[in-house]
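Visitor: Sequence unavailable; structure follows:
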């Protein structure tokens, strides 16, 4: 399909030109409008009916936050925020207001000259245009929705993967634990450096679990949640009867934090007591690692692709693990909250 129609919103003409050049480079997208503020963007949204919008947040007259609040009532359209890394909390506010995802501008300011940032933006814009505006299925799910065949006992570590659309789902997942569960929770949410630390800080205000961004050689303890640091590769390893974090630079990994690396190490460290959860996202990160957890007799849960914000990541995991339990994210959250309560009554208190 395509070419996809893009509306570029930025208060600087040089940025609008750079973004347009980058997005139109390979013919898969065409920029149908360029706006210098939210008010002009609102007019173009009505006139041009774009498939996707790239949005700056700090603009005169009408800023990006106000624009995001108005979009659903005018013409629901997926939005990718293009932001600096100086204000991570502004990005999280934009995600709460409905932005689908974000890309960090390079410090040079010209994203068209930054190979990695440019590739990331183009990929996110194209995926958002194809899937982000689709109507999600409301049909009843098949029998695979039930949790039959999955035992609640024996879980010691739950590894979670999420990408585009993930932060609100991850927050709901962690909020469901009304008291520390008798297993650890490690989250690989695709984000750049600094943003994962801000995510952990933000989650700390909403959940009851102790949570923080993982540090090198930090012990992994039951009853705690951990966010893998952005831009790096997190794995865990057993050492002298304890499990600790191992954090290394990314080398061949396309997505970071790498869910595949995390899941594979969790499979090695916890075997049949490991559980993997794959939520919304683009790409296939987590599929190979989930397969390793399944091979080790651990449990794999995948968000139903037709109900996910973006279906590609859960679909890849579902294809890799035919025996995975495929459920809505609400059902996955309810299952683990229930499992945590059942395990808490069956085991001695955490130490």
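Guide: Arrived safely. What you see is a predicted model; the values in this text were computed from it and never measured.
Visitor: distance between the ends of stretch 76-91?
Guide: Length of stretch 76-91, first residue to last, CA to CA, to the nearest Å: 19 Å.
Visitor: Settle this for me: residue 15 is touching residue 55, isn't it.
Guide: No. With contact defined as CB atoms under 8 Å, residue 15 does not count as touching residue 55 (11.5 Å). Quick note: C-beta positions are derived from backbone N, CA and C, even for glycine.
Visitor: what touches both of the two?
Guide: Taking CB atoms under 8 Å, 6 or more residues apart in numbering as the contact criterion, the common neighbours of residue 15 and residue 55 are residue 82.
Visitor: Look at those two and report which has more neighbours.
Guide: Set residue 15 next to residue 55 and count neighbours by other CB atoms under 10 Å: residue 55 wins out with 26 against 22.
Visitor: if I read this right, that one contacts residue 63, doesn't it?
Guide: No. The pair residue 55 / residue 63 is not scored as a contact, 9.8 Å apart, by CB under 8 Å.
Visitor: Would you map the strands across the stretch 51-200 of the chain?
Guide: Counting by DSSP state E, counting those that start in this stretch, one finds strands in the stretch 51-200 of the chain at the ranges 52-55, 79-83, 101-104, 157-162, 184-189.
Visitor: Over the fourth one, what's the mean pLDDT, rounded is fine.
Guide: Put plainly, it is strand 157-162. The average pLDDT within strand 157-162 is 98.
Visitor: With the second one instead?
Guide: Averaging pLDDT along strand 79-83 yields 94.
Visitor: quick one: strands adjacent to that strand?
Guide: strand 52-55 (parallel), strand 101-104 (parallel) (DSSP bridges).
Visitor: Pick the most deeply packed of the ones you listed.
Guide: Greatest average neighbour count among those goes to strand 52-55 (a mean of 27), per mean count of other CB atoms under 10 Å.
Visitor: gap between that one and the chain center?
Guide: Relative to the mean C-alpha coordinate of its chain, strand 52-55 is positioned 18 Å out (CA atoms, centre = their mean, to the nearest Å).
Visitor: Can you give me the end-to-end span of stretch 56-74?
Guide: Length of stretch 56-74, first residue to last, CA to CA: 19 Å.
Visitor: Which residues does that stretch contact?
Guide: Outside stretch 56-74, the residues that touch it by CB under 8 Å, 6+ apart are 9-12, 15, 36-39, 41-42, 45-46, 53, 55, 77, 79, 81-83, 90-91, 93-94, 97-99.
Visitor: again, only using 7 Å
Guide: Stretch 56-74 is contacted from outside by 9-11, 37-39, 41-42, 45-46, 55, 77, 79, 81-83, 90, 93-94, 97-99, using CB atoms under 7 Å, 6 or more residues apart in numbering.
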